[in-house]
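>>> one predicted model, sequence on top.
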Amino acid sequence: MRAVIQRVSSASVTVDSQTVGSIETGLLVLLGIGQEDSCDDVIWMASKIAGLRIFPDEAGKMNLSLKQVQGKALVVSQFTLYGDCRKGKRPSFVQAAAPEVAQSYYQDFVAELTGHGITVETGIFQAKMDVALVNDGPVTLILDSP
């Protein structure tokens, strides 16, 4: 499982000119599911993201988690995170999970993150989405599950 995590002051996802998910302070999580991922990866990733201390405390140091700042998460499925561009000019997506498997794990991830007390907004799985964000910092992290 792979995630690109961006600390945002706002983010939204639009499908067919309609906003389907929107947050203010929080994290935009672009989530890719790989062929080898399991339920353990879902649990690990949600726990890790919920507990990441990447928000500033009163001294301006990255010391607070999403829950501590009462932030929200916008989770967007992103199979292209598994695009392999090492050969040729066209990315290969053979390491990405099949859509039906990925959708199940994506939904499980959203439920697991919600279980950590985080309010979660989402995009629409397999839809063509327009994602807008204001990156706070900027802070952007790439996280792979074990």
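Cool, got the structure.
>>> got the buried residues for the lengthiest helix in the chain?
Counting by DSSP state H, the longest helix found in the chain is helix 99-115. Neighbour-count burial for helix 99-115, counted by 16 or more other CB atoms under 10 Å, picks out 102, 105, 106, 108, 109, 110, 112, 113. Glycine gets a C-beta too; all of them are placed from N, C-alpha and C.
>>> I'd assumed residue 95 was in contact with the first one.
Looking back up the chat, that one is residue 102. No: between residue 102 and residue 95 there is no contact under CB atoms under 8 Å: 11.6 Å.
>>> if you skip the residues just before and after it, what's nearest to the most centrally placed residue in the chain?
Closest residue to the average C-alpha location of the chain: residue 29 at 1.9 Å, with CA atoms, centre = their mean. Spatial nearest neighbour of residue 29, excluding adjacent residues (CB to CB, 6 or more residues apart in numbering): residue 75 at 4.7 Å.
>>> what residues are up against the one you found?
By CB atoms under 8 Å, 6 or more residues apart in numbering, the contact set of residue 75 is 29, 31, 106, 109, 110, 113, 120, 121, 122, 123.
>>> tell me the secondary structure for it?
Recorded secondary structure, residue 75: strand (DSSP: H, G, I helix; E, B strand; the rest coil).
>>> so it versus residue 120, what's the distance?
Distance, residue 75 to residue 120, by CB to CB, to the nearest Å: 6 Å.
>>> again with residue 35
To residue 120, residue 35 is 25 Å away according to CB to CB.
>>> compare those two (neighbour count), which wins?
With neighbours defined as other CB atoms under 10 Å, residue 35 and residue 120 compare such that residue 120 has more, 22 against 12.
>>> identify the bridge partners of the more buried one.
residue 73 (DSSP bridges).
>>> surely it touches residue 71?
No: under the criterion of CB under 8 Å, residue 120 makes no contact with residue 71, lying 10.9 Å away.
>>> and which of the contacts of residue 75 is nearest residue 8?
residue 29 (10.1 Å; CB to CB).
>>> look up how far residue 22 lies from the closest one.
The value you get for residue 29 to residue 22, if CB to CB is used, is 14 Å.
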